[in-house]
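> here's a sequence, model it:
(chains A and B)
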Number of protein chains: 2
Amino acid sequence: MNASSALLTDLYQLTMLDAYRQSGMTSPAVFELFVRRLPRKRGYLLAAGLQQALEYLESLRFSPAELDWLARSRHFDRPFVDWLADLRFTGDVWALREGEVFFANEPILRVEAPLPQAQFVESRLINIIHFQTLIASKAARVVTAAGGRTLVDFGMRRAHGAEAALWAARASYVAGFDGSATVEAGRRFDLPIFGTMAHSFVQAHDSESRAFLDFARARPEGLVLLIDTYEVEAAVRKVIELAPVLESEGIRVRALRLDSGDLVAGSRLIRRLLDGAGRQEIGIFLSGNLDEYKVAAACAGGAPASGFGVGTRLDVSADAPSLDIAYKLQAYAGRPRRKRSPGKATWPGVKQVFREIGPDGRISRDTIGRDTESLSGHRLLEPVMSAGRRVTDAPTLDQIRAHAVDRLASLPEQCRSLDQPLPVTAAISDGLRRLAEEADAAVAP
Amino acid sequence: MNASSALLTDLYQLTMLDAYRQSGMTSPAVFELFVRRLPRKRGYLLAAGLQQALEYLESLRFSPAELDWLARSRHFDRPFVDWLADLRFTGDVWALREGEVFFANEPILRVEAPLPQAQFVESRLINIIHFQTLIASKAARVVTAAGGRTLVDFGMRRAHGAEAALWAARASYVAGFDGSATVEAGRRFDLPIFGTMAHSFVQAHDSESRAFLDFARARPEGLVLLIDTYEVEAAVRKVIELAPVLESEGIRVRALRLDSGDLVAGSRLIRRLLDGAGRQEIGIFLSGNLDEYKVAAACAGGAPASGFGVGTRLDVSADAPSLDIAYKLQAYAGRPRRKRSPGKATWPGVKQVFREIGPDGRISRDTIGRDTESLSGHRLLEPVMSAGRRVTDAPTLDQIRAHAVDRLASLPEQCRSLDQPLPVTAAISDGLRRLAEEADAAVAP
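Take a look at the predicted model:
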């Protein structure tokens, strides 16, 4: 599949572009991307996906095959298809840096471009930013729950397709995970990859001990053995018996993985057995339908875990599988605009988020104001693209991850609660309130 | 992005392959794909994604760039990387036809291949089948709720990445949707695409009437106008005023779209205004965070809707964003295997689903048995691939969709309830129970 297809959009974008072209509406437009409200149990969101969004904008163009298909589809006439052949993104973009924290109604990306361009990119821009922000925000909660223990993304198989699997690996790494099991994510994003063994490996062997030995000899580095295919206690005893044999071959068992049952009781049993045999150096790695709630419960219950594999519930953000994210026209031809649909009204005009940091280094106040206002605090939206080209080199993934660690530390404590978080509510500047009144008055009845 | 990358897998698959290669374990293995239990509020599942799964198996190979990266990654040595260069899928596959309904524990796909091949394909096979089955099953519920009204997938922007958006369009079409807004899905899968207009189009114009006129003249065919950017009643009155003007130009308004507020009250108001003006021919299309529950409520509340656009909650399967799907080793070298992990134990051996249909055309009984047994009912798993090649031509998407309509009609009524569905529980044959006892006894302690 070719995810960079320009046809990866909603039909109405093309329909509207055709109308704009026919009526000559190509003046500059400003659109902003923001989340209307946070899901339940989210005290903040972590911005992610900007790199992929900018790559999309820089590379946007219709291929000859796509144009041919459009012409043959009979949805559009030839003059429009010819006009699409020249469509490029030549606008300016401002955005929060990847790894920044943000809250409801705060614009996290602003596009200023000729109306057809700024309109067209809506569907895929949302698609890119939405998913990575969703997963980074979920993963950051798991990081909080794990209290410094190793965390690996195990979610590829039940992520929603290939791109979701790859981007979930990237977004969770940004949020502080140690890496992913997804090999292609390691190649594409240069992030650490981890792997253990599956139950099928044990089942394929005539005995569990034979499976452990074969695996250890084939994979002597960083050896992790899965011990719940049959009976956990028996499996641990087999590992203890095999350990001296393996040591004589220079092979060290690094950890045992438990993937089912009561993880607290199970890991305590394993720890007791290992310690009783003088095997304090062997760690315990837990997995099996984990999320931030289960990781927190395991830690609170005293599970002696050195790390966790977190899969499906992370990669689909199970308790909140989407964000109420929108990309809305805020100004056209220099005049502010807004929609007033019930429950979906927006603040008009070109905006900025002004963030004040208290003496403790934590966020003390966010204000959404007009970009032309001078309010206290620093501006979160920074220029990232000018005339369709990036204004700075792309940061490395590790730089983004370090920035996220830093910004997550700036969260007020009540934002980070797993069960009853209290997000920051951004204030609205007086200037912005006045502008909204003016914009409403300017719309012809 | 190149979703067909062979590296789109979990690291442990490669690790296990290396171990199998080193110990020469390349005898035939049988793996089966099945869902352990249905999510709450699912009375059945609808199989989808087989075409993409078979394409994956047929085209599986490591590219030189992937092999180079693997060699440089230092996770594996050169002999293994060279061995991977020759890896192809040469096995046999049996599967349910796409569009078949199924229940917990029923194998829906069976792979028989040399152990390394059958093992390796696990991650991506699950990734492909899981998502489309998830969405087709959700979409079928929306189709039930809509009672024959037009249904269009609007979910691309908040689907989890590009592949999810495209496959959600395909899977919902299989389940009975009329089409999707996603243009690339139309090109790739030859399914109908639909589009209306966005609020930004209205906002960009100085007046709503001007926006309607511009749009109508640019898009005279199948015209749908969005009427909730500002005040719904005022917008409908503008459409009624404009209708004669447009008619004199040969343009007919097909429908009005309402995307916010109380959809029942709003659509009734619109209908009253339209009917009062003699505009009975103009339909009403509803959208805005819809799912099967809201569609059913709108219909039950008497909303005079001709159709619905269903987006985010469909494309992420919001109330059940994943299935407990697994791909497990059932036999190796001719001997049955199973895992016995608490809560995750499986039935061993090569299995088949035998389905009995009652005189009313509905499913009366499903039995999971050994493939070698002769039980009453027809066999759901059919051969689809032999020695790595498909045994029949791929059905068209419309053939798959027609099959799904037919199979959905075979569901017992209690399976189709939206709120309190009662799924079929497959019986386990006596032969299979005996085999499980034998398999357990055969595992060395």
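> pLDDT below threshold where in chain A?
Within chain A, the stretches with pLDDT under 70 are A:1-3, A:443-445.
> next one: the most centrally placed residue in chain A relative to A:G358, how far apart?
By Cα atoms, centre = their mean, chain A has its centre lying nearest to A:Q132, at 2.5 Å. The gap separating A:Q132 from A:G358 is 29 Å, by Cβ to Cβ, to the nearest Å. From N, CA and C alone the C-beta is placed, and that goes for glycine too.
> before we move on, what about A:V224?
Distance from A:V224 to A:G358, counting by Cβ to Cβ: 43 Å.
> between those two, which one's more packed in?
Using other Cβ atoms under 10 Å in any protein chain shown as the criterion, A:V224 and A:G358 rank with A:V224 on top: 24 against 11.
> and that one, what element?
strand A:223-226 (DSSP states H and E).
> and if you look at A:A235?
Remark: A:A235 resides in helix A:232-248, with elements defined by DSSP H and E.
> residue of the stretch 1-150 of chain A nearest chain B, please.
Of the residues in the stretch 1-150 of chain A, the one nearest chain B is A:L11, at a distance of 3.0 Å by Cβ to the nearest Cβ.
> hmm, that residue is touching B:P192, no?
No - under the criterion of Cβ atoms under 8 Å, A:L11 is not in contact with B:P192, lying 10.1 Å apart.
> what is in contact with those two at once?
B:G186 (Cβ atoms under 8 Å, 6 or more residues apart in numbering or on different chains).
> neighbour-wise, which of those two wins?
Comparing A:L11 with B:P192 by other Cβ under 10 Å, the one with more neighbours is A:L11, at 25 against 12.
> setting aside sequence neighbours, what's the nearest residue to the more buried one?
Here the nearest residue to A:L11 in space, its sequence neighbours aside, is B:G195; by Cβ to Cβ, 6 or more residues apart in numbering or on different chains that works out to 3.0 Å.
> can the helix or strand A:L269 falls within be found next to chain B?
According to DSSP H and E, A:L269 maps onto helix A:263-276. No - Helix A:263-276 stays out of contact with chain B when judged by Cβ under 8 Å from any Cβ of the partner chain, the minimum separation being 9.0 Å.
> do stretch A:21-31 as well
Yes - between stretch A:21-31 and chain B, judged by Cβ under 8 Å from any Cβ, the touching residues are A:Q22, A:S23, A:M25, A:A29, A:F31.
> among these, which are located in helices?
Taking DSSP state H, the ones among the residues of stretch A:21-31 next to chain B that sit in helices are A:Q22, A:S23.
> which one of the residues of stretch A:21-31 next to chain B sits in the busiest neighbourhood?
By neighbour count, taken as other Cβ under 10 Å, the most surrounded of the residues of stretch A:21-31 next to chain B turns out to be A:A29 (27 neighbours).
> what's across from that one in the sheet?
In this structure, A:A29 has the following beta-bridge partners (DSSP bridges): A:A113, A:Y332.
> my read: it touches A:Q119, true?
Yes - A:A29 is within contact range of A:Q119, at 7.0 Å (criterion: Cβ under 8 Å).
> shared neighbours of the two, anything?
Common contact partners of A:A29 and A:Q119 (Cβ under 8 Å, 6+ apart): A:L329, B:S200.
> re earlier: what's the spacing between the helix holding A:A235 and its chain's center?
If you compare the mean C-alpha spot of helix A:232-248 with that of the full chain, they lie 40 Å apart, counting by Cα atoms, centre = their mean, to the nearest Å.
> which elements pack onto that helix?
Packed against helix A:232-248 by the contact rule (3 or more Cβ pairs under 8 Å, 6 or more residues apart in numbering or on different chains; DSSP states H and E) you find helix A:208-218, strand A:223-226, strand A:253-258, helix A:263-276.
> then the second one to PDB, C-alphas only?
Translated: strand A:223-226. In PDB, the C-alpha atoms belonging to strand A:223-226 read as follows (Å, rounded to 0.1, in the frame of the first residue of the first chain):
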ATOM      1  CA  LEU A 223      17.700 -14.500  26.900                       C
ATOM      2  CA  VAL A 224      14.000 -14.300  28.100                       C
ATOM      3  CA  LEU A 225      12.100 -17.500  28.500                       C
ATOM      4  CA  LEU A 226       8.300 -17.800  28.500                       C
END
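> near chain B, anything from it?
No - where contact is defined by Cβ under 8 Å from any Cβ, no part of strand A:223-226 touches chain B; the two come within 9.1 Å at best.
> ok, and what's touching that strand?
By Cβ under 8 Å, 6+ apart, the list of residues contacting strand A:223-226 from outside reads A:196-199, A:201-202, A:212, A:215-216, A:235, A:239, A:246, A:251-257, A:259, A:285.
> so what are the sheet partners of it and their directions?
On the basis of DSSP bridges, the sheet neighbours of strand A:223-226 come out as strand A:253-258 (parallel).
> CA atoms only for the strand it pairs with, dumped as PDB, please.
Only the C-alpha atoms of strand A:253-258 are listed here, as PDB (Å, rounded to 0.1, in the frame of the first residue of the first chain):
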ATOM      1  CA  VAL A 253      19.100 -16.200  31.600                       C
ATOM      2  CA  ARG A 254      18.100 -12.500  31.700                       C
ATOM      3  CA  ALA A 255      14.400 -12.800  32.600                       C
ATOM      4  CA  LEU A 256      11.300 -15.000  32.700                       C
ATOM      5  CA  ARG A 257       8.200 -13.900  31.000                       C
ATOM      6  CA  LEU A 258       4.700 -14.500  32.500                       C
END
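> residues making contact with that strand?
Contact with strand A:253-258 is made by A:196-197, A:216, A:222-228, A:232, A:236, A:239, A:243, A:246, A:266-267, A:270, A:274, A:279, A:282-288, A:306-307, A:309, as judged by Cβ under 8 Å, 6+ apart.
> got the angle for it vs helix A:208-218?
Angle, strand A:253-258 to helix A:208-218, by axes from the mean of the first three to the mean of the last three Cα atoms, to 10 degrees: 140 degrees.
> re the thing from before, so where does the residue nearest to A:L11 fall, helix or strand?
Mapping B:G195 onto the secondary structure by DSSP H and E places it in no helix or strand at all.
> and it, how many neighbours?
By the measure other Cβ under 10 Å, the count of residues near B:G195 is 24.
> my guess is it contacts A:D18. True?
No - with contacts counted by Cβ under 8 Å, B:G195 stays clear of A:D18, the gap being 10.5 Å.
> contact partners for A:L323?
Under the criterion of Cβ under 8 Å, 6+ apart, the contact partners of A:L323 comprise A:V35, A:L38, A:P39, A:L45, A:H130, A:T133, A:L134, B:R158.
> mind putting these into a markdown table with distance to A:R370 and neighbour count?
Formatted as a markdown table, the contacts of A:L323 follow (distance: Cβ to Cβ, whole Å; neighbours: other Cβ atoms under 10 Å in any protein chain shown):
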| residue | distance to A:R370 | neighbour count |
| --- | --- | --- |
| A:V35 | 20 | 24 |
| A:L38 | 24 | 22 |
| A:P39 | 28 | 17 |
| A:L45 | 23 | 25 |
| A:H130 | 26 | 25 |
| A:T133 | 25 | 25 |
| A:L134 | 29 | 31 |
| B:R158 | 29 | 27 |
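> and which of those residues is nearest A:R390?
Each of the contacts of A:L323 was checked against A:R390 using Cβ to Cβ; the closest is A:T133, at 19.8 Å.
> the residue lying closest to the closest one once chain neighbours are set aside: what secondary structure?
In this structure, A:T133 finds its nearest non-sequential neighbour in A:A48, 5.2 Å apart by Cβ to Cβ, 6+ apart. Recorded secondary structure, A:A48: coil (DSSP: H, G, I helix; E, B strand; the rest coil).
> likewise for the one 10 residues further on?
When the structure is split into helix, strand and coil by three-state DSSP, A:E58 lands in helix.
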